[in-house]
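Chemist: requesting a structural model of the entry that follows:
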Amino acid sequence: MIAIFCFQGTCRYSLKDAAPIPPEIKTVKVFFIENKARYINPQLSPKLTDKLRQKIVNQTRLSQTNDEADYEISGYVSDYSVSTSGISQQQVASNNLNVTVHIIFRNKKDDKKNFETDITRNFPFSATKSLSQAELDLNDQMVNNLSDEIFNRIFSNW
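Modeler: Residues are numbered from 1 along each chain as shown. Here you go, the predicted model:
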């Protein structure tokens, strides 16, 4: 269900129960999201894992467990690379930090709902910055965007 609220010319929308969690599903286990990319950002995996756990606990009624769970979520960072995204006057003007996370979702109550998917996001940054400078600027954005996308893939019908 989509709810739209308008007040003094400003409209906001929210999605409600896009994919309601069945009542028999009570627990979730989020395994550590490993980094298997050629280049490893040492902060990305632990921060992404923690952010995803927090998001699920805060935005669903599911309880996080380290034992057997109704939903199990695992995955790994499969790509972490830089590509040129813009050239100006025959010089690199901007780059993209490309991040792909492979997610594995297991529904222990209904095997038909199991899936694996890749989530790829590109994070632009100025070519005047080094990768380590760009990572400092982009770490929070990467973690937030990727955890939102993972959450939406699991708990939404789209």
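
Chemist: what ranges do the helices span in this structure?
Modeler: 44-59, 131-155 (DSSP state H).

Chemist: would you mark the buried spots in the shortest one?
Modeler: Counting neighbours by 16 or more other C-beta atoms under 10 Å, one finds that the buried residues in helix 44-59 are 44-45, 47-49, 51-53, 55-56. Backbone N, C-alpha and C define where each C-beta goes, glycine included.

Chemist: again, but for the longest one
Modeler: Of the residues in helix 131-155, those with enough neighbours to count as buried (16+ other C-beta under 10 Å) are 131, 134-135, 138-139, 142-143, 146-147, 149-151, 154-155.

Chemist: is it true that Ile21 touches Ile56?
Modeler: No. Counting by C-beta atoms under 8 Å, Ile21 does not reach Ile56; the two are 10.3 Å apart.

Chemist: hey, what's in contact with both of these two?
Modeler: Leu62 (C-beta atoms under 8 Å, 6 or more residues apart in numbering).

Chemist: returning to that earlier point: and the helices of the chain: which comes nearest Lys29?
Modeler: helix 44-59 (9.5 Å; C-beta to C-beta).

Chemist: so what does the closest one touch, helix or strand wise?
Modeler: Counting contacts by 3 or more C-beta pairs under 8 Å, 6 or more residues apart in numbering; DSSP states H and E, helix 44-59 is packed against strand 27-30, strand 34-35, strand 63-64, strand 71-88, helix 131-155.

Chemist: so what touches stretch 20-31?
Modeler: The contact list for stretch 20-31 (C-beta under 8 Å, 6+ apart) reads 49, 52-53, 56, 60-75, 107, 109-110, 155.

Chemist: can you lay out the buried residues of helix 44-59 as a markdown table showing distance to Lys36?
Modeler: Below are those laid out as a markdown table (distance: C-beta to C-beta, whole Å):
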| residue | distance to Lys36 |
| --- | --- |
| Leu44 | 12 |
| Ser45 | 10 |
| Lys47 | 17 |
| Leu48 | 13 |
| Thr49 | 14 |
| Lys51 | 19 |
| Leu52 | 17 |
| Arg53 | 20 |
| Lys55 | 23 |
| Ile56 | 23 |
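
Chemist: Ser94 contacts Phe125, doesn't it?
Modeler: Yes. Assessed by C-beta under 8 Å, Ser94 is found in contact with Phe125 at 6.9 Å.
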